[in-house]
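Participant: Pasting the sequence and the predicted model now:
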Amino acid sequence: MTDSNSGPSQDQDEAPHDTTANNTTAEHSAERGKSMNTEPAQQWEYAVYHVNFSKDQHTSPSASEASEKLGGTLSPEFIRKEFPEQYQKAPPTHPAEQLRVFLNTVGSKGWELTSTTHIGPLLMFIFRRPKPQPSAQP
């Protein structure tokens, strides 16, 4: 005779298979898994920057052009002397230095560079940082 619930019947001499221990262990494992995973998954926010490096990144305005715009009323020498911060010639910053300053600036705001990619001729930098969790209100 066969048992329609669980396949072949067991002989009278064999002890019945006890599934209670297995079910309890499986239920306990499932409960442990639930309690270990109570925190929500980390969420991220992303920032994408198009990075353009130029040898002439720091170009100063021209004192000669300023003098011409003023119709020559102020000489280029006078303009350079009176406005040295605006009309001094700064050497161009090397692209590696530009990149270092950019990465440190973005990094100081909590962003982490995750990848770079080209979209056509554009160099794109992709950053991420943990998304702020909403604060629990009392």
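Facilitator: All right, it came through fine. Residues are numbered from 1 along each chain as shown.

Participant: Count the neighbours of residue 107 for me.
Facilitator: Using other CB atoms under 10 Å, residue 107 has 13 neighbouring residues. To be clear about C-beta, it is placed using only N, CA and C from the backbone, and glycine gets the same treatment.

Participant: In contact with the nearest residue to it once chain neighbours are set aside, which residues?
Facilitator: Spatial nearest neighbour of residue 107, chain neighbours left out: residue 113 (7.8 Å); criterion: CB to CB, 6 or more residues apart in numbering. Each residue near residue 113 by CB atoms under 8 Å, 6 or more residues apart in numbering is listed here: 103, 106-107, 125-127.

Participant: nearest to residue 135, of the residues you listed?
Facilitator: Using CB to CB, the shortest approach to residue 135 within those belongs to residue 127, at 23.9 Å.

Participant: and that closest one, what is it in contact with?
Facilitator: 46-49, 106, 111-114.

Participant: Would it be right to say that the residue nearest to residue 107 lies in a strand?
Facilitator: Yes. Counting by DSSP: H, G, I helix; E, B strand; the rest coil, residue 113 is found in a strand.

Participant: Check the gap between it and residue 103 for me.
Facilitator: 7 Å (CB to CB, to the nearest Å).

Participant: Then residue 70?
Facilitator: Distance from residue 70 to residue 103, by CB to CB: 41 Å.

Participant: More neighbours: those two, which one.
Facilitator: A direct count of neighbours by other CB under 10 Å for residue 70 and residue 103 places residue 103 higher, at 15 against 11.

Participant: quick one: contacts for that one?
Facilitator: Residue 103 neighbours (CB under 8 Å, 6+ apart): residue 113.

Participant: what's the model's confidence in the helix or strand encompassing it, averaged?
Facilitator: Using DSSP states H and E, residue 103 maps to helix 95-107. The average of the pLDDT scores along helix 95-107 is 91.

Participant: go on, stretch 116-136?
Facilitator: Averaged across stretch 116-136, pLDDT comes to 89.

Participant: Okay, domains of this protein per the record?
Facilitator: 42-57+93-130, 62-91 (automatic domain parsing).
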